[in-house]
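>>> Build me a model from this:
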Amino acid sequence: MKRLVFLLGVLVGSMTTLGCRNDSARCEDICETADDCDDSIDIDSCIDDCMRDIEWADDNCATAYEAFADCANLEDHDCPDTIDACDSEIEDFFDDCEEDFEYFAYAAPFAPAVLD
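Numbering: from 1, shown residues only. This next block holds a predicted model:
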């Protein structure tokens, strides 16, 4: 019983931690992961572009972006792991944010998740 209570506490704690994250942290997650895919990414410019895009994003895009960024964070910003583990989140991001993140070139490294 103690083990179950502990596991529930860890689960709730991790959900709370992800839920309290802000757009800047999420943009950083996406940009750091993109940099792991392609070492030529300028993370600061990527974050600036991402922040500009998410500011005007509709609700569907914002939800997809949050899920994608949170998943990338859980995968420790490792590109291949993120593409494998977060493929549905990446697909949703591309589908729901096509117009809002239209010129977000830093998402290109994640295209293999959509193409597979």
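>>> which residues does the nearest residue to C37 once chain neighbours are set aside contact?
Leaving aside its chain neighbours, C37 sits nearest to P109 (3.3 Å; criterion: CB to CB, 6 or more residues apart in numbering). All C-beta atoms are positioned from the backbone trio N, CA, C, and that covers glycine. By CB atoms under 8 Å, 6 or more residues apart in numbering, the residues touching P109 are 33-34, 37-38, 41, 79.
>>> Can you say which of the residues you listed are buried?
Among the contacts of P109, the ones that count as buried by 16 or more other CB atoms under 10 Å are 33-34, 37, 41, 79.
>>> Helices - which of those residues land there?
33-34, 37, 79 (DSSP state H).
>>> what's the farthest-apart pair in these?
Using CB to CB, the two most remote members of these are A34 and C79, lying 7.7 Å apart.
>>> Run a quick neighbour tally on E66.
Counted by other CB atoms under 10 Å, the residues lying close to E66 total 18.
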